[in-house]
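Novice: Fold the following, please.
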Amino acid sequence: MAGSGSASDAADYGLLSPVWAGTAGADRTGDRRIIQKLLDVEYQWLCVLAGSGLIARELPGDAAPAFRAELYDPASLAARSAGGGNPVIPLLADLRAKVREHSPAAAEAVHTAATSQDILDTALMLVTADTLSGILADARRTIAALAGLAVEHRNSLCVARTLTQHSLPSTFGLRAAQWLHGIGQAADALETAAAHLPLQWGGGSGTLAALRTAVDTAGSAAAPLELADELAARLGLAAPAAPWQGNRLPVTAVGAALQDLLSAAGKIANDVLLMSRPEVAEVSEPRAAGRGGSSAMPQKRNPVLSVLIRSAALAGPGYGVQLQTAAGAADDERPGGSWHTEWQALRALLRLASGAAGKLAELTEGLTVNTSALRDNLSAAGPLVVSERLMATVAPLLDDGGGHGSGKARLQDLVTASQTTGKSLAELLRQAVSADVLSDDELAAQLDPANYAGEASALIDRILSAYPARSSR
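Specialist: Here you go, the predicted structure:
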């Protein structure tokens, strides 16, 4: 009922974001998962402190029951985060209160020498790592599926299109391999980004001064930077050369890799949308119950997977610009406002890429290729589709001997005549070049699109060899 909302009504389930709603990526980037990662960072730091002798060794175990996300109310934390400008501050207050129920000493030790940016930036890197693992798994599925299509359709002739128009003969296998090439490059960039996701640990202003004081007060021989490195190892993150509170390139790097994946996925979706038009009919998406229907037109079978993938590709750059703008506007040792701008932009990119990657894997694994339509559309292009070749092989035979490219000009006239009159280019060429200069069989060979696929097969092999581990089936 209208007006009967509750706190749970404000949760974002993706009602207006069908590309990622209900996916594993939505779960990995949800508020409760972020709360758990914030708690994981706090708990592992408590363990580092105990291991170094800065606090009693039993305190992490005493405090452990409080480090569960289900104990905390996301709506309450979100509402209270306005007070300090980030969700760590209210979560820390609630966490200390719960830890105090089990161990007052442990409650005092929680968050020692840390700052809210340390916890939040590091937690977002953990969320990113989890989400990237799913994205990369789906990318590997896509690459394997495309490798299979490239091999299966190595010799399936089709017409290539440039600037939306028929251009030259090609093969569907090469088209699939080129799709693979894009996704493979994007996956490589994502793997690099995933391997370098760093811990953020610098204390209030990036000097680790509070940690240095804690170490000195305890009379410990521990080195603050080594303690930070140990935390990175415990969390499975890279140990950076230095804290990066004001240097936001770790965020823009992963953002750029996510955008590349969306761009590569969008290219495939765009092609499938074109080729699945009824008047083209070269491919069709995999069928699934309840998908692709229309609320008003029962005959329709909409290519919904490609539509949603394309929507993600179109939405992604805006969030990427937001990350880059925030990084360029960073100020001082902790950015004001620009840091806060990153959070939702990064999460949105993760969600879009995760949703698109999963749907792309499903699309490519179940894509139906209509080879008869490929042949029909190539045939409809007629001999004009090899006119580039004719410029090199037949045009010299049309030269009037005066040089200056007269043969090419005459061939262009024949092509134009074929386009404007509807006469066959083969017929016009036969009239222009005598059979004793170019026999009927030789002319037919020149006009056969199968003889002008260039290095398509070799290119397929080169692309497949560039991603051998992922494209093996």
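
Novice: I'd like to know how many residues surround Gly405.
Specialist: Counted with other Cβ atoms under 10 Å, the neighbours of Gly405 add up to 14. C-betas here are computed from N, CA, C, even on glycine.

Novice: gap between it and Leu398?
Specialist: From Gly405 across to Leu398, the span is 10 Å (Cβ to Cβ, to the nearest Å).

Novice: quick one: low-confidence ranges for the chain?
Specialist: Across the chain, the ranges flagged by pLDDT under 70 are 1-10, 289-300, 402-404, 469-473.

Novice: Checking the residue minimising distance to the centre of it next. Helix, strand or coil?
Specialist: Nearest to the mean C-alpha position of the chain, by Cα atoms, centre = their mean, lies Leu261 at 2.7 Å. Classification of Leu261 by DSSP: H, G, I helix; E, B strand; the rest coil places it in helix.

Novice: quick one, what contacts the nearest residue to it once chain neighbours are set aside?
Specialist: Excluding the flanking residues, the one nearest Leu261 by Cβ to Cβ, 6 or more residues apart in numbering is Ala186, at 4.1 Å. Listed by Cβ atoms under 8 Å, 6 or more residues apart in numbering, the contact set of Ala186 reads Ala139, Ala257, Asp260, Leu261, Ser263, Ala264, Ala265.

Novice: Now Ala186: phi and psi?
Specialist: phi -60, psi -40 (degrees, to the nearest 10).

Novice: and the longest helix belonging to the chain, what other elements does it pack with?
Specialist: Using DSSP state H to define each element, the chain has its longest helix at helix 116-152. Packed against helix 116-152 by the contact rule (3 or more Cβ pairs under 8 Å, 6 or more residues apart in numbering; DSSP states H and E) you find helix 24-28, helix 31-51, helix 88-102, helix 172-195, helix 249-275, helix 338-366, helix 456-466, helix 468-471.

Novice: Within the sheet, what are the partner strands of the helix or strand just after that helix, with directions?
Specialist: Tracing the chain past helix 116-152, the next element assigned as helix or strand by DSSP states H and E is strand 157-162. Paired neighbours of strand 157-162 in the sheet (DSSP bridges): strand 165-171 (antiparallel).

Novice: what distance separates the strand it pairs with from the middle of the whole chain?
Specialist: Going by Cα atoms, centre = their mean, to the nearest Å, the spacing between the C-alpha centre of strand 165-171 and its chain's C-alpha centre is 28 Å.

Novice: before we move on, what about stretch 265-283?
Specialist: Worked out by Cα atoms, centre = their mean, stretch 265-283 lies 20 Å from the chain centre.

Novice: Ramachandran coordinates for Glu285?
Specialist: Dihedral angles (degrees, to the nearest 10) for Glu285: phi -70, psi 160.

Novice: Could you number the chain from 603 rather than 1 from now on?
Specialist: Got it, first residue is 603 now, which makes that one Glu887.

Novice: give the contact list for it.
Specialist: By Cβ under 8 Å, 6+ apart, the contact list for Glu887 reads Val874, Ser878, Gly894, Pro905, Val906, Leu907, Ser908, Leu965, Gly968, Leu969, Thr970.

Novice: Can I have the buried ones of these as a PyMOL selection?
Specialist: A single PyMOL command is used to select the members of those judged buried by 16 or more other Cβ atoms under 10 Å:
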select buried, resi 874+878+894+905+906+907+908+965+969
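
Novice: Okay, Met727 and Pro905: tell me how far apart.
Specialist: Counting by Cβ to Cβ, the gap from Met727 to Pro905 is 36 Å.

Novice: next one: Leu962
Specialist: Taking Cβ to Cβ, one finds Leu962 at 13 Å from Pro905.

Novice: isn't Thr973 right next to Leu751, touching?
Specialist: No. Contact criterion Cβ atoms under 8 Å: Thr973 and Leu751 do not qualify, at 11.7 Å.

Novice: Of the two, which one has the most company?
Specialist: More neighbours surround Leu751 than the other of Thr973 and Leu751, with 22 against 15 (other Cβ under 10 Å).

Novice: Spatially nearest residue to the more buried one (excluding sequence neighbours)?
Specialist: Closest residue in space to Leu751, ignoring its immediate chain neighbours: Ala778 at 3.9 Å, by Cβ to Cβ, 6+ apart.

Novice: do the same with Leu999
Specialist: Leaving aside its chain neighbours, Leu999 sits nearest to Val1035 (5.2 Å; criterion: Cβ to Cβ, 6+ apart).

Novice: count of neighbours near that neighbour?
Specialist: Residues near Val1035, counting by other Cβ under 10 Å, number 19.

Novice: ok, now Glu660?
Specialist: 12.

Novice: Name the surrounding residues that touch stretch 727-738.
Specialist: Contacts of stretch 727-738 (Cβ under 8 Å, 6+ apart): 626-627, 630-631, 635-636, 639, 642-643, 789, 792-793, 795-796, 799-802, 837-839, 852, 856, 860, 863, 948-949, 952, 955-956, 959-960.

Novice: before we move on, what about stretch 930-940?
Specialist: By Cβ under 8 Å, 6+ apart, stretch 930-940 touches Gln719, Ser807, Gly808, Gln847, Gly848, Asn849, Arg850, Thr927, Ala928, Ala929, Trp941.

Novice: As PDB, could you dump the C-alpha coordinates of it?
Specialist: The C-alpha trace of stretch 930-940 is given here as PDB (Å, rounded to 0.1, in the frame of the first residue of the first chain):
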ATOM      1  CA  GLY A 930      41.400  14.200 -10.000                       C
ATOM      2  CA  ALA A 931      39.600  16.300  -7.400                       C
ATOM      3  CA  ALA A 932      41.300  14.600  -4.400                       C
ATOM      4  CA  ASP A 933      42.800  17.000  -2.000                       C
ATOM      5  CA  ASP A 934      45.100  16.900   1.100                       C
ATOM      6  CA  GLU A 935      45.700  13.700   2.900                       C
ATOM      7  CA  ARG A 936      42.100  12.600   3.000                       C
ATOM      8  CA  PRO A 937      39.800  13.900   0.200                       C
ATOM      9  CA  GLY A 938      36.700  15.700   1.200                       C
ATOM     10  CA  GLY A 939      33.600  14.700  -0.800                       C
ATOM     11  CA  SER A 940      35.500  13.200  -3.800                       C
END
